[in-house]
Each structure stands twice: as structure tokens, then as C-alpha cells.
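Chemist: Need coordinates for the below:
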Amino acid sequence: MKIVDLRPGLQVLHPQYGLGDVKVLTEKTAEVLFNEGRKTLTEELVTELKPAEPRARIEGLEKPLRDLIAEIVEATADKLNLKVDKEEFSPQMAPRWVGGKLVIHPNDPTLVTKEVELEVFFRKIVIVRDYLRVLEQKINSHPKLNDAERVELQYYITKSYGSLTTFNLLFKEKEQCF
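Modeler: Below you'll find the predicted structure:
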């Protein structure tokens, strides 16, 4: 290896010193912490180092990182037989609404009508529900709130859920509703 290939924290193997962690780099030396202690390796000794951990180089990849990670996770899950049905965890919109639009007409005819895809609207409703659930958990586990304060705050969350029940008709499965 060359000094330019090293980075602090990289695990390396040296034929004489064994396994070590790169700690400090300069232009001509590398300080590596081995089991025997810290060693300062010159450029010549650094050439004897080999990476002790798997490495990857992705050059010219024209793909969103999110897609790459999703592919890696899916391949890993397949390899480990951990296939999970995504519908089990994420709420699905009832089929009759898929592809539909929410149209809002203002009373003032000079204003523009607003159209929102129902899938977008549905996702936003689900996000609100999920945030309410997190808020509920945080309230219930907050160490500085007494029972009366918890009940009072819980009341507002319950009322919010109640207001959102209007949108239950969008959900495919009843157990995912508000």
C-alpha cells in the first residue's frame, strides 16, 4: 500500500507486526497501533501493509445512492432468507383510490383550483399518524412528566386521532386506520 491509500481508522496487516489500526498520517509516515504498541512506519514499511478489511471502489457509477443501498439490502436479505413483505409494515391505500386526485376548488373564481395526487396526500396523512405515535411514546416515557400531565397531553393526541378518522376510508386494511 501507499500512504495516500491509508486513512485514520483503517485496519491493516503487516507481515511482522500483525493487525493494526492506522492512527496518524503525515506525507511520509504512518502511525499504526499494533498489539505490540504504536509504530511509526516510513514509506518503505508502509508498502508492506495490506488492508485487513474488505474494500470496494465504485468508479463511474451513475445511480442514486438510495437505489444502490436498496439493492444491496435486498440482495443481503435474499441471501439470508430474510424477505419481508413490505405491505406488512407500510400502510397501503385502498385500491379504489389509487391513481385518484384530491381537487380543491376555492370559492373565489379568480383563484386556481388545486389538485393533489391521492397517493401523495395519503403518504402525508400516514406521516402525521406516525409522528403522533412517536409523540405518544415520548410523552408516555418522559421522566419529568407526572401522570396528570401525561393524561392531559394524551387527551390532545386522542383528539387529533379522532380528527383524522375522516381519512380512514383511504386505508386498505382496517387495522392500519386511526
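
Chemist: List the first helix or strand encountered after the lengthiest helix in the chain toward the C-terminus.
Modeler: Secondary structure assigned by DSSP state H gives helix 118-141 as the longest helix of the chain. Per DSSP states H and E, helix 118-141 leads on to helix 147-164 as the next helix or strand towards the C-terminus.

Chemist: ok, and what's touching that next one?
Modeler: 125, 128, 129, 132, 135, 136, 139, 140, 142, 145, 178 (CB atoms under 8 Å, 6 or more residues apart in numbering). C-betas here are computed from N, CA, C, even on glycine.

Chemist: Could I get the buried residue list for it?
Modeler: 153, 160, 161 (16 or more other CB atoms under 10 Å).

Chemist: tell me which element the residue lying farthest from the centre of the chain falls in.
Modeler: No residue in the chain sits farther from the centre than residue 109, which is 43.7 Å out by CA atoms, centre = their mean. Residue 109 is part of no helix or strand, with elements assigned from DSSP H and E.

Chemist: what about residue 2, how many residues close to it?
Modeler: A count of nearby residues for residue 2, using other CB atoms under 10 Å, gives 10.

Chemist: Next, the contact list for the nearest residue to it once chain neighbours are set aside, please.
Modeler: Using CB to CB, 6 or more residues apart in numbering and skipping the chain neighbours, the partner closest in space to residue 2 is residue 46 (6.7 Å). Residue 46 makes contact with 1, 2, 3, 6, 30, according to CB under 8 Å, 6+ apart.

Chemist: Sort out for me which of those residues are in strands.
Modeler: The strands, defined by DSSP state E, take in residue 30 from the contacts of residue 46.

Chemist: Buried ones among the contacts of residue 46?
Modeler: By neighbour count, with 16+ other CB under 10 Å, those hold 3, 6, 30 as buried.
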